[in-house]
Structures are given as structure tokens and as C-alpha cells.
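In: Have a look; sequence and predicted model below, questions after that.
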Amino acid sequence: MALATGRGGYARVVSSFALAASLLATFSAGLQAQTARITAYEGARLIDGKGGAPVENAVVVVDGAKILAAGPSASVAVPAGAARVNLAGKTMMPMIIDAHVHLSQSRDGIVRDLKRRAWFGVSAVMSAGTDKYENLDLRAKVEPGSATFKSAGRGITMPEPGRITVPHWINNEAEGRKAVEDLAANKVDIVKVWVDNRDGQFKKVTPEIYTAIIDEAHKRGLRVMAHIFDQEDGKGLIKAGVDILAHGIRDRDIDDEMVAVFKSRPNVVLTPNLPERGVKVDMSWMKAGLPADEFAKLEAQNVDSPKLAAFHAIQARNLAKLNAAGVKIALATDGNRPWGPHDEMEDMVLAGMTPMQVLLASTRNSAAAMDLKDQGTIEAGKSADLLVLDGNPLDDIKNTRRISAVVLRGEAVDRTKAP
Ligand SMILES: [Zn+2]
């Protein structure tokens, strides 16, 4: 579907110039130009990301890059002269936000990663700890048709020779605090710490050290997201004041104490980051979004694996328990898979969350987790980031993959060819 937004409005501005020449009319020309920026998206079912029931036959009025109004067509007035886009039969939701990825290391790679995110309906990502400082300036130089990103810069871990080298390698509390100081000086958006011995290969950041890191970060106004594997570390980190647990508990089925610890800190966000389900899945939906060789590689790995399935099942059960307990959950995928959120959303539903809970986790909640104040919901004043779908994701979460159009910061993303 082509969204020919604003064309009628543009013609109107051009014709208004003749008028403006004879009238005095800086003011009037200003008004015309303003009207030309306005587009009304009409007739779709609206899931606005605020948690209420979907609105049938909605209108979303967009002024430039911002949403001016959104709601039932009976109660939202469309300004005269606005361009109108008919979306009858479609469903509109906020664009998806992915609170944990690892972008490419090169500048060109990052630029492409962000374009690919937009193609798949993702408006923002948090790059979690493997970015070089010299690339962080790209956060302020996002191109049209590209997702925005935030970054943890260089995350913090005990030395992991042979695994990753970009993060800060630290050995004690003092080095942990110094790393945070360095991150703050480089204006990262969040502090990332890995608490994992990688199957016994490396030393793990100790409770004393992560407590110091969290303390130092909070003193500097930075929040902390922690990579975890074991339940024991999940408990310890939450008690030490961590803000986001990146990954669910992976070593075992969680106990009642784990649930109680989460409940004692209701602001802690869990990004379950589920691993592959370990079953062969239908990947045909993403073929158009991937280069042929990349798709072939993924398809070759798309096999049943009982071992992966068992690993997945632990985390799915843990997610179901924490979701039932009311824990704040946000979407995250890890790695660098632009299509990943659509897989993850299906996995979250299969784990036991409702489609609405998953949609909220993937929009409003992940925006809040990333401290993105102008994204995550479709309401007045927010960025005009609209995901238009050919099916209703509340009926089947896989309908998030049936993308009809993407409007990012008020502009239709060119989806004719995947970047
Ligand atoms: Zn990660």
C-alpha cells in the first residue's frame, strides 16, 4: 500500500503562493504551510498502546513528525485541508521498541541496522554494551526512515578474553566505579553489566562489585541493566537496586522468593529475551526483508532441537509466573536481528502472556524502559510512529508481521525494497 501523504496539501501550498503574493499574508501562508503538514489516518482499528480496548474506526491526526490527536472518528476533528489516508480494514498500533540489541561495530553497519529496524516496524532500539564510544555521535544523526537508538556504550564485565573485547573489563569495586565514571563522561544512556560466568569459563562480577556499580551509576543519574543467567544473581541484583534485568532466569524454575523479590521492587523491568523455541518455524514471512544468503543461512539453522526447547521451556515458565505476579515486562531480543521482535512477541504469547500484554510490553513498556518519552503510544504530542497492519494482532500476534505500512516520525517508510 502506498501512503501518498500530504500531496493534496502540497498543491494547496503552491497555489497559496499566488494568493499570498497579492494579500499580505505571511500569516495566512504560515497557516497554509501548517495545514499542508497535517495528515489524517482514518478508519483503522487503533491499538494506542495505553492499555485500553482497541478503538474501531479511529482517526490519528499527524502534524509533521508529531501526533496531534488520536481517537474515535466520532470525537476527533480532522482539520480542514488535511491530507487524508483511508485505512479502513487495517489495524494501527505504535511502532515496536526493542530494549536490548547489539548493533554493528561499523558506522555503515549501524546506519543499515537502523534502516532495517524501521522496515520491520521497529522505531527504536537500545544497544546494550558493545558500542565503541566513537560511534555514539550517530545517536544524534539518525536518518529519515531509520529507527532511533540509545546505547550503553561499553558495558562492564569481568575479563572475558576471546569472547568480547569492547566492554570495560574490571576486577574489583574500584575498577567498577571507574568504569561507570568513564561511561558517564561519554554520555551513555544506561549502564550495562554482565553477571554471568559463561558456563564456568570466566569469573563472574560479584555482588560486592555489582552493588558498587549500581551505586555509582545511580549517583550519576544513570540506570543499570544487568545481563543475568542464575536466579541467585537475579535476586541479588534486584536487592542491590538494579533497574532492568536483561534476560529472564535461565538456570532453573524460579522459586517463591524470586517472585517476592520482584514484587518488593515494582519498578524493576524484566526483559525476558526468550531464546529460540527449539522447533522448526515458518520463516517465509520475513523472506522479503532479508538478503537471500542471510535468509538461506537462517533457514538452514531452522530445525527442531530438544535441547534448545528444554532451555526455552524453563524461561517460558518463569516468564508466565512473573507475568502473573504483575512484574513489569518489556520486549527485548538481544543480538542484531531486525525481525526478532516479531518472533519474540509470538514466543511471549506462547509462554502465557495475552496478546495485549505483549503489545504493551513491546511499545509503552519498552519505551519507558529506554526512557523514550515521545514514543511507545499513539496519543497527542508523541512522535508519529505508526505501524499499520493487515490483520489484528489481538486475534493472532503473528499479525504484527503483516505490515501494510510504516509511518516513522510522520513520514511513510519506503518498504518496496528491504534495506
Ligand atoms: Zn545482550
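Out: Received, thanks.

In: Can you point out the buried residues in the host helix or strand of Ala260?
Out: Secondary structure assigned from DSSP states H and E places Ala260 in helix 256-264. Buried residues in helix 256-264, counted by 16 or more other C-beta atoms under 10 Å: 258-259, 261-262. For the C-beta atoms, the positions are set from N, CA and C on the backbone; glycine is no exception.

In: again, but for stretch 135-148
Out: 135-136, 138-139, 142, 145-148.

In: can you check stretch 62-73 too?
Out: Buried residues in stretch 62-73, counting neighbours by 16+ other C-beta under 10 Å, are found at 62-63, 66-71, 73.

In: Give the burial count for Leu372, as a bare number.
Out: By other C-beta atoms under 10 Å, the residues close to Leu372 number 20.

In: Give the helix, strand or coil label for it.
Out: Taking DSSP: H, G, I helix; E, B strand; the rest coil as the rule, one finds Leu372 in the coil state.

In: Now for it: which residues touch it?
Out: 97, 124, 148, 150 (C-beta atoms under 8 Å, 6 or more residues apart in numbering).

In: on that earlier part again, tell me which residues are up against the helix holding Ala260.
Out: 231, 234-235, 238-239, 249, 268, 270, 321-322, 325-327.

In: still on that earlier bit, wait, which of the buried residues of helix 256-264 is closest to Lys178?
Out: Val261 (29.0 Å; C-beta to C-beta).

In: Got the confidence number for that closest one?
Out: Looking at Val261, its pLDDT reads 98.

In: Can you give the contact residues for stretch 176-190?
Out: 126, 133, 136, 139, 150-154, 156, 168, 170, 191, 205, 209-210, 212-213, 216-217, 220, 222-225, 243-244, 370-371.

In: so where's this structure uncertain?
Out: 1-36 (pLDDT under 70).

In: In it, which residue sits nearest the ion?
Out: Asp334 (4.3 Å; C-beta to the ion).

In: What residues does the stretch 51-200 of the chain have near the ion?
Out: Ala128 (C-beta under 5 Å from the ion).

In: who are the neighbours of the helix or strand where Ala118 lies, in terms of helices and strands?
Out: If you go by DSSP H and E, Ala118 is part of helix 107-119. For helix 107-119, the packing partners by 3 or more C-beta pairs under 8 Å, 6 or more residues apart in numbering; DSSP states H and E come out as strand 122-127, strand 148-151, strand 403-408.

In: Name the residue closest to the centre of the chain, please.
Out: The residue lying closest to the centre of the chain (C-alpha atoms, centre = their mean) is Ile97, at 1.6 Å.

In: can you tell me which residues contact that residue?
Out: Ile97 neighbours (C-beta under 8 Å, 6+ apart): 122-125, 331, 362-363, 366-367, 370, 372, 375-376.

In: Pull out the buried members of those.
Out: Applying 16+ other C-beta under 10 Å to those flags 122-125, 331, 362-363, 366-367, 370, 372, 375-376 as buried.

In: list the buried ones in stretch 206-221?
Out: Here stretch 206-221 shows 206-207, 209-218 as buried, counting by 16+ other C-beta under 10 Å.

In: Please report phi then psi for the residue nearest to the residue nearest to the centre of the chain when sequence neighbours are not counted.
Out: Spatial nearest neighbour of Ile97, chain neighbours left out: Ser366 (3.9 Å); criterion: C-beta to C-beta, 6 or more residues apart in numbering. When quoted as degrees, to the nearest 10, the phi and psi of Ser366 stand at phi -70, psi -30.

In: surely Ser366 meets Val101?
Out: No: between Ser366 and Val101 there is no contact under C-beta atoms under 8 Å: 11.2 Å.

In: Please identify every residue contacting each of these two.
Out: Ala332.

In: counting contacts, what elements does the longest helix belonging to the chain pack onto?
Out: Among the elements of type helix in the chain, defined by DSSP state H, the one spanning the most residues is helix 306-324. Packing partners of helix 306-324 (3+ C-beta pairs under 8 Å, 6+ apart): helix 256-264, strand 328-329, helix 340-351.

In: For the residue nearest to the centre of the chain, which three-state class applies?
Out: strand.

In: For it, give the beta-bridge partners.
Out: Ala124 (DSSP bridges).

In: got the contact list for Ala316?
Out: 274, 347, 350-352.

In: can you give me the helices in the stretch 101-250 of the chain?
Out: 107-119, 173-185, 207-219, 231-239 (DSSP state H, counting those that start in this stretch).

In: would TSV of these with distance to Pro419 be doable?
Out: Shown next, in TSV, are those (distance: least, C-beta to C-beta, whole Å):
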stretch	distance to Pro419
helix 107-119	4
helix 173-185	30
helix 207-219	35
helix 231-239	37
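
In: Quick check: which of these is nearest to Asp396?
Out: helix 107-119 (21.5 Å).

In: could you check the angle strand 122-127 makes with the closest one?
Out: If you take axes from the mean of the first three to the mean of the last three C-alpha atoms, to 10 degrees, helix 107-119 sits at 140 degrees to strand 122-127.

In: contacts for stretch 407-419?
Out: 2-3, 5, 37, 39, 41, 62-66, 95, 112, 115-116, 118-119, 123, 144-147, 288-291, 383-386, 388, 403, 405-406.

In: Pull the number of nearby residues for Met283.
Out: Counted with other C-beta under 10 Å, Met283 comes out at 14.
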